[in-house]
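Enquirer: Quick one: sequence plus predicted model below, questions after.
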Amino acid sequence: MFRFRKPERRSTLDVWIACGFFLVAYIAAALLDLNDSWRLWTQPFRMIGLDALPMALAITVGIVVWFAWRRWQEGEESRLALSETVERLQVEVEERKHAQEIAQVLSETKNEVLDNEYQRSEQLAQVSKMGDFLAAASSPEELKEISAKCLRNLLPHLTVGVMFADKSFSRWQLHSAWGEYHERIHPHVDAEQCWVLRRGQQYADQSNTQTMLCNEANVTELKTVACYPIFCREMQFGVLHIRSAEWQEHILSAEEEKMIVGVCNTIGLHFYNAQLRAELSMASNRDELTGLLNRRGLGNTLKREITAAGQQGYKVTVAMIDIDHFKAYNDTYGHPEGDKALKFIAEQLASNLRARDVVARYGGEEFILVLPNTTKAEAYKKLKAMLVSINKASVSSSECCKPITLSIGIATSPDDQTDEERLVKLADTALYAAKKRGRNCVIPYISPHANNRIATTQA
Ligand SMILES: Nc1nc2c(ncn2[C@@H]2O[C@H](COP(=O)(O)OP(=O)(O)OP(=O)(O)O)[C@@H](O)[C@H]2O)c(=O)[nH]1
């Protein structure tokens, strides 16, 4: 392709070209001069003495041709310059277009990243809110409700079932389900059939073989399954079950999965804490030796019963029970035998009660019975019979080294007192009278004076 020459080189070339033209014109003129017709044609000029005119004309023609050629060449050069400029501009336009496309892609990616970040921060806010609510939950039912709600907010677009263990931890009941195919999720699953529960790990199946699927997954027409355990320290509390009607390599993206596993672990931790709290509260309200309520456990129960009795207009009778000569029993047969005897009495008392009655170990060898909806006379009759039956049972039981007798004092609310502590104190006053009266008897509280009199009267 023709390229532009630099101006200084072009001017030198132009001189040479002009000389060339001149030479060509001169040679042409000389050759023409040899030609007859040329001589004939220039004859008139010679006759009038203008011999040089043909040469001058030839030179002029040469110069004109040269100028025409120069003009043509310059036009060619500017056309070339123009086409190069156009080419350059086209390249520039292409480059700009490309840059614009990159900018567009970058801006879209940025928006996507921002959207994802926003979504993630929303989800984190929800998870942290869930953590607060879970920490404040006061029952397993509340924990289940809060967990299911949070999971629903995090995975609203999928078919999901949230299952929690029943009391025996052998069956997982469907608590909540949502999504297009939620009706196809089974209402319960047995622990032995669930790979998540058996392995204690998340389980996903996106193959179309279904060989490893639990019965729950096989019977439904849904295809891909992903299950996540809700557990803590080997204790399984629930399962998050996600289904899809399509074969999918991943139901959840890697990011979503990471978040869901974290949420399930948090829920598991709260269930575990709640269980620990319940066990702790149970332990602090229970007597270790007999398994009965202890004095702390009794406090709340007695208060509740007295309030209910006041509201519903019935009577509650409290019986304070003490084993007779228990120090001597311990001294004679040893402390371990004394423990056995205490357990025996606890079992006897519990087995003689109605479902609503409460028995507690008040301390040492003292027990308390709370008998709702029982008058003093009814309690007296019932406890007298109990006294005899426990004594009889102790005779034949291998738990007791010798027959055991009990002394019992009773007081009734609202007749004697409506305050639980004072009511127990009155029952204790009656018990003191029973001891004084010779033990192995039931004494109702009447008044300090009357009880004193009863105590000193021979049985
Ligand atoms: N084995 C055993 N003995 C206990 C336990 N708690 C308290 N005791 C014993 O219970 C006995 C109570 O004795 P006391 O308060 O003198 O009464 P008692 O000997 O039963 O005499 P009375 O009540 O007047 O008939 C003490 O010897 C305590 O050591 C326990 O958990 N296990």
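Expert: Sure thing, it's come through.
Enquirer: Which helix or strand lies directly C-terminal to the longest helix seen in the chain?
Expert: Across the chain, the longest stretch assigned as helix under DSSP state H is helix 53-136. Sequence order places helix 140-154 as the next helix or strand after helix 53-136, per DSSP states H and E.
Enquirer: And that following helix, what does it pack against?
Expert: With contacts taken as 3 or more C-beta pairs under 8 Å, 6 or more residues apart in numbering; DSSP states H and E, helix 140-154 sits against helix 53-136, strand 159-165, strand 171-178, strand 235-244, helix 254-285. Quick note: C-beta positions are derived from backbone N, CA and C, even for glycine.
Enquirer: hmm, 7 Å instead?
Expert: helix 53-136, strand 159-165, strand 171-178, helix 254-285 (3 or more C-beta pairs under 7 Å, 6 or more residues apart in numbering; DSSP states H and E).
Enquirer: avg pLDDT for whatever helix or strand comes next after the last one?
Expert: From helix 254-285 onward toward the C-terminus, using DSSP H and E, the following helix or strand is helix 295-312. Per-residue pLDDT over helix 295-312 has a mean of 89.
Enquirer: Check the offset of helix 295-312 from the chain's centre.
Expert: Offset of helix 295-312 from its chain centre (C-alpha atoms, centre = their mean, to the nearest Å): 40 Å.
Enquirer: could you give the angle of that helix to helix 254-285?
Expert: On the basis of axes from the mean of the first three to the mean of the last three C-alpha atoms, to 10 degrees, helix 295-312 is oriented at 90 degrees to helix 254-285.
Enquirer: so what does helix 295-312 touch, helix or strand wise?
Expert: For helix 295-312, the elements it packs on are helix 254-285, strand 316-323, strand 358-363, strand 366-372, helix 420-436, judged by 3+ C-beta pairs under 7 Å, 6+ apart.
Enquirer: if we can go back for a sec, mind giving me the packing neighbours of the longest helix of the chain?
Expert: Helices and strands touching helix 53-136, by 3+ C-beta pairs under 7 Å, 6+ apart, are helix 7-34, helix 36-47, helix 140-154, helix 254-285.
Enquirer: could those go into a markdown table alongside mean pLDDT, mean neighbour count and distance to the ligand?
Expert: Listed next are those as a markdown table, based on pLDDT from 0 to 100; neighbours: other C-beta atoms under 10 Å; distance: least, C-beta to the nearest ligand atom, whole Å:
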| stretch | mean pLDDT | mean neighbour count | distance to the ligand |
| --- | --- | --- | --- |
| helix 7-34 | 72 | 13 | 121 |
| helix 36-47 | 76 | 12 | 155 |
| helix 140-154 | 92 | 19 | 33 |
| helix 254-285 | 89 | 16 | 17 |
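Enquirer: With respect to Val424, which of these lies nearest?
Expert: helix 254-285 (16.7 Å; C-beta to C-beta).
Enquirer: angle of the longest helix of the chain against helix 140-154?
Expert: If you take the same axes, to 10 degrees, helix 53-136 sits at 170 degrees to helix 140-154.
Enquirer: any idea how far Cys150 is from the residue of the stretch 51-200 of the chain found nearest the ligand?
Expert: When distances are taken as C-beta to the nearest ligand atom, the stretch 51-200 of the chain reaches nearest to the ligand at Lys167, 31.4 Å away. The spacing between Lys167 and Cys150, counted by C-beta to C-beta, to the nearest Å, is 24 Å.
Enquirer: and if you look at Ala341?
Expert: The gap separating Ala341 from Cys150 is 53 Å, by C-beta to C-beta.
Enquirer: Adding distance to Tyr362 as columns, could you present the helices and strands packed on helix 53-136 in TSV?
Expert: Below are the helices and strands packed on helix 53-136 laid out as TSV (distance: least, C-beta to C-beta, whole Å):
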stretch	distance to Tyr362
helix 7-34	121
helix 36-47	156
helix 140-154	31
helix 254-285	13
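Enquirer: and of these, who's closest to Val93?
Expert: With C-beta to C-beta as the criterion, Val93 lies closest to helix 7-34 of the helices and strands packed on helix 53-136, at 29.8 Å.
Enquirer: Check whether the residue lying closest to Tyr333 once chain neighbours are set aside sits in a helix, strand or coil.
Expert: Among residues not flanking Tyr333 along the chain, Cys401 sits closest, at 4.4 Å (C-beta to C-beta, 6 or more residues apart in numbering). Secondary structure for Cys401, judged by DSSP: H, G, I helix; E, B strand; the rest coil, is coil.
Enquirer: Looking at this protein, which residue is nearest the ligand?
Expert: Nearest to the ligand, among the residues of the chain, is Gly338, at 2.6 Å (C-beta to the nearest ligand atom).
Enquirer: Tell me how many other residues crowd that residue.
Expert: Gly338: 19 surrounding residues under other C-beta atoms under 10 Å.
Enquirer: Tell me the residues of this protein that contact the ligand?
Expert: Selection of the chain residues close to the ligand by C-beta under 6 Å from any ligand atom yields 289, 322-328, 330, 335, 338-339, 342, 364-365, 435, 439.
Enquirer: Using neighbour counts, trim those residues to the buried set.
Expert: The neighbour-count test (16 or more other C-beta atoms under 10 Å) marks Asp322, Ile323, Asp324, Phe326, Asn330, Gly338, Leu342, Glu365, Lys435 as buried among those.
Enquirer: tell me the phi and psi of the third one?
Expert: Read it as Asp324. Backbone geometry at Asp324, expressed as degrees, to the nearest 10, gives phi -80, psi 140.
Enquirer: Beta-bridge partners for Val239, please?
Expert: Listed beta-bridge partners, Val239: Met163, Pro229 (assigned using DSSP bridges).
Enquirer: Just confirm it contacts Arg198, I think it does.
Expert: No: taking contacts as C-beta atoms under 7 Å, Val239 lies outside contact range of Arg198: 11.2 Å.
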